[in-house]
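Chemist: Provided below are the primary sequence and the corresponding predicted coordinates.
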Amino acid sequence: MAYEIRFASSAKRHLQEFTVSERAAILAAVETQLSHQPLTQTRNRKRLRPNPIAPWELRVRTVRVFYEVDQPGVVTVLAIGAKRGNRLTIGDEEIEL
């Protein structure tokens, strides 16, 4: 079963902060990695400990895509950020991990 992928308005804003080539890589990874079995952990997909951002994370190079499956068959991307070292930047907010 293919999942429908939706982007929250905040995630759309976060996506605009990346270069064109980074956006293309992020969108391609979201499509290939999350359209089938988004709740299965893989090397680049993992369930996160309870946090205020999202229950799941997809790793794309140095970018982290945070998402949830809140309805049957629907993946919602909630936030997209760049990770450098142990710091994550989402939009203009820096989150220490």
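Modeler: All right, it came through fine. The shown structure was predicted, so the numbers you read here are calculated from the model rather than taken from an experiment. Residues are numbered from 1 along each chain as shown.

Chemist: residues of the longest helix along the chain that come out buried?
Modeler: Here the longest helix in the chain is taken by residue count, with DSSP state H as the criterion, and it is helix 20-34. Of the residues in helix 20-34, those buried by neighbour count under the rule 16 or more other C-beta atoms under 10 Å are 22, 26, 27, 29, 30, 33, 34. Placement of C-beta: from N, CA and C, glycine included.

Chemist: figure out how far it is from the centre of its chain.
Modeler: Here helix 20-34 is found 10 Å from its chain centre; the criterion is C-alpha atoms, centre = their mean, to the nearest Å.

Chemist: check which helices and strands that helix sits against.
Modeler: strand 4-7, helix 9-15, strand 56-60, strand 63-71, strand 74-84 (3 or more C-beta pairs under 8 Å, 6 or more residues apart in numbering; DSSP states H and E).

Chemist: apply 7 Å and report the result again.
Modeler: With contacts defined as 3 or more C-beta pairs under 7 Å, 6 or more residues apart in numbering; DSSP states H and E, the packing partners of helix 20-34 are strand 4-7, strand 56-60, strand 63-71, strand 74-84.

Chemist: ok, which of those strands comes nearest residue 14?
Modeler: Shortest distance between residue 14 and the helices and strands packed on helix 20-34, using C-beta to C-beta, is found for strand 74-84: 4.1 Å.

Chemist: what's the burial count for the nearest residue to residue 76 once chain neighbours are set aside?
Modeler: Leaving out its chain neighbours, the residue that sits closest to residue 76 by C-beta to C-beta, 6 or more residues apart in numbering is residue 6, at 4.9 Å. The burial count assigned to residue 6 is 14, neighbours taken as other C-beta atoms under 10 Å.

Chemist: repeat that for residue 8.
Modeler: Other residues lying near residue 8 total 17 when counted by other C-beta under 10 Å.

Chemist: can you offset everything so residue one is 705?
Modeler: Got it, the first residue is 705 from now on, which makes the last one we talked about residue 712.

Chemist: ok, now how distant is the residue nearest the centre of the chain from residue 784?
Modeler: Computing the C-alpha centroid of the chain and ranking residues by C-alpha atoms, centre = their mean puts residue 769 first, at 1.5 Å. Distance, residue 769 to residue 784, using C-beta to C-beta, to the nearest Å: 5 Å.
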